[in-house]
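# need a 3D model of the following:
(2 chains)
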Amino acid sequence: MKKPEQRDLFPGALEMMILRTLKRQPLHGYALVQHIKRTSNDLLQIEEGSLYPALQRLLKEELVKAEWAVSSTNRRVRIYRLTAAGAKHLQRQVSSFERMLEGITRVLTPGES
Amino acid sequence: MMNWFKQLFSRRRLYDDLSEEIHEHLEEKIEELVASGMPRKEAATAARREFGNVTLMEEDSRAVWQWSSMESFFMDFRYGLRQLRKNPGFTAVAVLTLALGIGANTAIFSVSDAVMLKLLPAKNPKQLVYFRLLSPEEHGSAFSRAEFEQFRDLSRSFSGMFAFDTTRLVVNVDGEPDFVWGQCVSGNFYSVLGVDPSLGRALTSDDDQPGRPAVAVISYDYWKRKFAQDPSVAGKTITLKEIPFAIVGVAPARFRGIELGDSTDIWVPLAFWEQLRLNDHLTLGVMARMKPGAVEKQASVELTLIDRQFTAAALGSNISPQDERDLQARSVELVPGGRGLVDLPDELPRSLLVLTMIVGLVLLIACANVANLLLARAVNRQREIAVRLALGAPRMRLFRQLFTESFVLAVTGGALGLLFTAWTTSFLVRILSDGDTLQALDVHADVRTLYFTLAVSLSTCLLFGIAPAFWAARVDAGLTLKGVASSKGANAPHLGPRKVLVISQVSLSVLLLVGAGLLVRSLQKLSIVDPGFRQENVLLVSIYPTLSGYEGARELDLYARAQKRVSAAPGVLSATFSRFRMLSGGRWIRVASHFASPSNGEKELRVICNPVAPRFFESMGIPLILGRDFTDADGGAAPRVAVVSESFARKYFPGEDPLGKPLRFKDGKADEQIAVVGVVKEVKSLSLWEREPVPQMYIPLAQAPADLLGQITMEARTAMEPATAAAAVRDAMRDVDANLPLVRIITQKAQTEGTLQNERSLSTLSTLFGVLALLLACLGLYGIAAYSVAARTREIGIRMALGARSDDVHRMVLRQGMRLALTGIGVGLAGAFVVSRLLASLLFGISGTDSLIYAGVSILLVLVALAACYIPARRAARVDPMVALRYE
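Residues are numbered from 1 along each chain as shown, chains lettered A, B, ... in the order given. Take a look at the predicted model:
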């Protein structure tokens, strides 16, 4: 019954972006969505529906932790924060992503080599 | 990562956090949209649309934390419980039905388990074996003491071997005589079995040496009964036949001895056997423990050789060719002894088998009933199921959920069944036991019973749960929700399986009722059988004078005094003695020296011989046809005399006057001649089952062989209800000897009825279950008729609107119900015809295909079926066409 997952480019990309964003600063769910949208110049539309399962996965693997706080707009929010393990995981993911990207770029760019 | 454990408990909070977080997220989004100028209502809709399916997302988020299959199972389980709680009527009927079915099966299982499967509470019970002799003359487990010693000293396959004799004993505790079961055993009895005493010490090989002080071990039960669990019982002295024995220990509570179904109260060393044994206990049983790795076959060969050597040596030097052949035909085989010695009524395993089949059938009917209920309910839940399908529930999930509901039912039924078992087993043991046996049977629910119940519950769940679950998973959501299904009778095809279920229910109950009917009829025929003597107003009392020290002339004198004294007791018309009670199964069978008129293939003339006191025939109401009764003059020194039954006289002296003629027996001494002094009517002395009574003869007590004396039954013919004369008889016997325990005081009528105990319990239980099955089938029939009327209300309305009279409708519904019932009856009768063959050996005076029973059961079923369909039919006839048509 589950719809085929079409949440982002490739498996793990959403998590990676979440982790990267949280590395800059701890945020709550809504702000996370807004931030990713903004920084990608609206190129990446994050479906809110897939954000929360992803956050739960990260929580479970203890890559992020969450605590309740009150936002500047005086709203009860749950702030997510990167853990040490999360930072390490992000680093690994980014470097492997970069290698992959490099590979793809080489294939896609004709004429060199 | 032991986190899962923490998660298990913090999960509720996790989920709450998640819900709140999502809620706040939505709020924030809406506010932002409002801030950008959108009306609040529109903003809310937009936010939600953009966000997507909140519930699904929450579910997906939660799924991250779950071992999903387990958890959704628990969810289904809880949902199932809720569903069941919402339909208390349905649940009660289904659970009770299952509990009855499962409980009955568990009860029978725990009894069969105790009888056939349970091992002795000994060390490695599977290594224990029991010796059995197979020879042309006898099959038995009895060996002489000398032969046992040869086995013990010469065999090499066993790590230990002991002999035993189970016997009655009179124990004097503080001057009070007490009648108990005892066992004389080799000193190594406890060490070979590997049973440790719960108090004091066990018997040892040392105790069994001649000249050692007399010691005894008592059972836990006897310790409780007689000594109130006095911890200082070790060292206490009790008296057996004037010999003081010191109690040295108490056996553990679970060890009731090595005889299944009987419990031993006291164990004494074999060294005292000759002094303590009953006169006819001349042989010993032998049990041994196999050496690890020893092969049974080899051990049996070894024992056989020892036995042949021993027997040959006893025969001496002049061995005839016939002796030689007999010798070669002898063998000793090993019987597994781990379950103890099985000394239960022979018919018990067979009745257990029949009962197992009966309760199995009842369970099947119960399953059919519950499946039927579930199907009916599933049809009613069509709409719910369709809605869930439309909302995107996977079919597999629905299937699983419905199945889980069945599982909840089965487990609840099983649990209740187990409770039900707790009191049924004792009831069952009481029904099955004939007073002596089985009472000591170790029947209690244990882990195995639990496993059995669980297994039965699960298989019933499979049996009744699959079909409804399958059906539900096939519902067409579109059709149902459009309302097409209910009005177009799309349900009709689903009646198919239900019809099959009802038909099988009816046929299974026909099967059970025919069986019950046959057993009941057979019992009736048995209980009106005339045994040939007058059973009314006879009181029976057994005594064991030998255990109280009476021997020889003193014993005969005791009988004479007791007869005189009891005859004079108020209410007693006459008193007499016989070695064997009538219809007790006790017997001494002799083979006559020749057979003058053999008929239909009999090879030898066997006769049951019973030593009796004077006035036996008069007291028991056995008519004397010729000659005379015994008198006090027929003493030990007088010429041997006998009174014979008519058939014996006819077969031994055809066409002659038997009076005064000599009788000879193959087992007698060559010069022994017994003169016939009287002829009496034939009686059934062994069992009411006898079609042709076995020929009988009676000899005077004083002329009986010594090994038959020492234990005896007194028969007192009374002027009134014999039980009321018991006190007078007791008083009279106290005058004779106050220290003589009176045993098994019952009326002859009760003794006779006791022989039918097995038949009675079988017919009672099968009737009980038959009626239960009938009720269930009735419920099934009613259910299907009621349901089909409800489903066809509209159709009936149209028919009536078009002119059908309510009589026609009434008849139509009845006809449909009866078609099912009649099919079921037909199938059931055919089945009974086949299955009744299994019952043949349990039936007396009635054939397994007795047409009266078959017809009676059919008529009963037809009546019950009519009754079951009557209410739905009336409801159908009262359908108001206007209401029915408007309803849609």
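# pull stretch B:272-282 out as PDB, backbone CA atoms only.
What follows is the C-alpha trace of stretch B:272-282 in PDB, where atoms were taken according to Å, rounded to 0.1, in the frame of the first residue of the first chain:
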ATOM      1  CA  PHE B 272      10.400 -61.600  55.500                       C
ATOM      2  CA  TRP B 273       8.400 -62.600  52.400                       C
ATOM      3  CA  GLU B 274       7.900 -66.300  53.500                       C
ATOM      4  CA  GLN B 275       6.500 -65.100  56.800                       C
ATOM      5  CA  LEU B 276       4.300 -62.300  55.400                       C
ATOM      6  CA  ARG B 277       3.000 -63.400  52.100                       C
ATOM      7  CA  LEU B 278      -0.500 -64.600  51.300                       C
ATOM      8  CA  ASN B 279      -0.900 -68.300  50.800                       C
ATOM      9  CA  ASP B 280      -1.300 -68.100  47.100                       C
ATOM     10  CA  HIS B 281       1.600 -65.700  46.500                       C
ATOM     11  CA  LEU B 282       4.200 -68.300  45.600                       C
END
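# tell me if I am right that residue B:89 is in a strand.
No: residue state for residue B:89 (DSSP: H, G, I helix; E, B strand; the rest coil) corresponds to helix; a strand is not indicated.
# okay, it: pLDDT?
Reported pLDDT at residue B:89 in the predicted model: 77.
# and for it, the neighbour number?
Here the neighbour count serves as a burial measure; for residue B:89 (other CB atoms under 10 Å in any protein chain shown) it reads 7. Quick note: C-beta positions are derived from backbone N, CA and C, even for glycine.
# check the one 4 residues further on too.
Here the count is done by other CB under 10 Å, and residue B:93 has 17 residues near it.
# secondary structure class for it?
Using three-state DSSP as the criterion, the local structure at residue B:93 reads helix.
# what's the mean pLDDT across whatever helix or strand residue B:406 lives in?
When secondary structure is defined by DSSP states H and E, residue B:406 falls within helix B:395-432. What helix B:395-432 shows for mean pLDDT is 80.
# off-centre distance for that helix?
For helix B:395-432, the distance between its averaged C-alpha position and the chain's averaged C-alpha position is 21 Å (CA atoms, centre = their mean, to the nearest Å).
# so the helix or strand just after it versus helix B:395-432, what angle?
Past helix B:395-432, heading to the C-terminal end, the next element that is a helix or strand (DSSP H and E) is helix B:447-473. Angle, helix B:447-473 to helix B:395-432, by axes from the mean of the first three to the mean of the last three CA atoms, to 10 degrees: 140 degrees.
# what comes up buried for the helix or strand containing residue B:101?
Here residue B:101 sits within helix B:88-112, counting by DSSP H and E. Of the residues in helix B:88-112, those buried by neighbour count under the rule 16 or more other CB atoms under 10 Å in any protein chain shown are B:90-91, B:93-95, B:97-112.
# so who does the closest residue in space to residue B:683 that isn't next to it in sequence touch?
With CB to CB, 6 or more residues apart in numbering or on different chains as the criterion, residue B:683 has its nearest non-adjacent residue at 3.4 Å, and that residue is residue B:532. Taking CB atoms under 8 Å, 6 or more residues apart in numbering or on different chains as the criterion, residue B:532 is in contact with B:622, B:681, B:682, B:683, B:684, B:693.
# and whichever helix or strand comes after the helix holding residue B:101, which strands flank it?
Note on helix B:88-112: by DSSP H and E, the next helix or strand toward the C-terminus is strand B:128-134. Paired neighbours of strand B:128-134 in the sheet (DSSP bridges): strand B:139-140 (antiparallel), strand B:285-290 (antiparallel), strand B:331-336 (antiparallel).
# tally of neighbours for residue B:833?
Other residues near residue B:833 come to 14 when the count uses other CB under 10 Å.
# for residue A:59, which three-state class applies?
What three-state DSSP gives for residue A:59 is helix.
# what separation do you get for residue B:44 and residue B:38?
Separation of residue B:44 from residue B:38 (CB to CB, to the nearest Å) stands at 9 Å.
# what pLDDT does residue B:68 get?
The predicted local distance difference test score for residue B:68 is 56.
# the residue nearest to residue B:683 and residue B:753, how far apart?
Distance of residue B:532 to residue B:753, given as CB to CB: 17 Å.
# give me the subset of the contacts of residue B:532 lying in helices.
Here DSSP state H is the test, and those give no hits in helices at all.
# isn't residue B:173 up against residue B:228?
No: counting by CB atoms under 8 Å, no contact exists between residue B:173 and residue B:228, whose distance comes to 11.7 Å.
# show the average pLDDT along stretch A:19-28.
Confidence for stretch A:19-28, expressed as mean pLDDT, is 87.
# that older thread, turn the strands paired with strand B:128-134 into JSON lines, including mean neighbour count and mean pLDDT.
Shown next, in JSON lines, are those (neighbours: other CB atoms under 10 Å in any protein chain shown; pLDDT from 0 to 100):
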{"stretch": "strand B:139-140", "mean neighbour count": "11", "mean pLDDT": "75"}
{"stretch": "strand B:285-290", "mean neighbour count": "24", "mean pLDDT": "94"}
{"stretch": "strand B:331-336", "mean neighbour count": "18", "mean pLDDT": "89"}
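# so where is chain A shaky, pLDDT-wise?
Counting by pLDDT under 70, the low-confidence segments of chain A come to A:1-10, A:42, A:45, A:111-113.
# quick check: closest non-adjacent residue to the closest residue to chain B within it.
Ranked by CB to the nearest CB, the top residue of chain A for proximity to chain B is residue A:49, at 3.7 Å. Nearest-residue entry for residue A:49: residue B:52, 3.7 Å, with adjacent residues in sequence omitted and distances by CB to CB, 6+ apart.
# cool, residue B:131 as well?
In space, not counting the residues next to it along the chain, residue B:131 is nearest to residue B:286; the distance is 4.3 Å by CB to CB, 6+ apart.
# my read is that the one you found contacts residue B:145, right?
No: distance between residue B:286 and residue B:145: 10.2 Å, which falls outside the contact criterion (CB under 8 Å).
# which neighbours do the two share?
Common neighbours of residue B:286 and residue B:145, using CB under 8 Å, 6+ apart, are residue B:163.
# chain center to the helix holding residue B:101: distance?
Using CA atoms, centre = their mean, the distance from the centre of helix B:88-112 to the centre of the chain it belongs to is 17 Å.
# need the residues of chain B near chain A, please.
Taking CB under 8 Å from any CB of the partner chain as the test, the list of chain B residues beside chain A reads B:17-18, B:20-22, B:24-25, B:27-29, B:50-53, B:56-58, B:60-65, B:392-394.
# write the ChimeraX selection for whichever of the residues you listed are buried.
Buried members of those can be picked out in ChimeraX with the line below, counting by 16+ other CB under 10 Å:
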select /B:17,18,21,22,24,25,28,29,51,57,58,60,61,62,64,65
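# where does chain B have its least confident helix or strand?
Ranked by mean pLDDT, DSSP states H and E, the helix or strand of chain B with the weakest confidence is helix B:484-487, at a mean of 48.
# C-terminal to that helix, what's the next element?
Next along the chain after helix B:484-487, taking DSSP H and E as the criterion, comes helix B:495-527.
# so what are the sheet partners of the helix or strand following that following helix and their directions?
The element immediately downstream of helix B:495-527 (helix or strand, assigned by DSSP H and E) is strand B:538-543. Pairing partners of strand B:538-543, with direction, according to DSSP bridges: strand B:712-718 (antiparallel), strand B:743-747 (antiparallel).
# the closest residue to residue B:123 other than its chain neighbours and chain A, how far apart?
Excluding the flanking residues, the one nearest residue B:123 by CB to CB, 6+ apart is residue B:194, at 2.7 Å. Plainly put, residue B:194 is 55 Å away from chain A if you go by CB to the nearest CB, to the nearest Å.
# likewise for residue B:289?
With the distance defined as CB to the nearest CB, residue B:289 ends up 59 Å from chain A.
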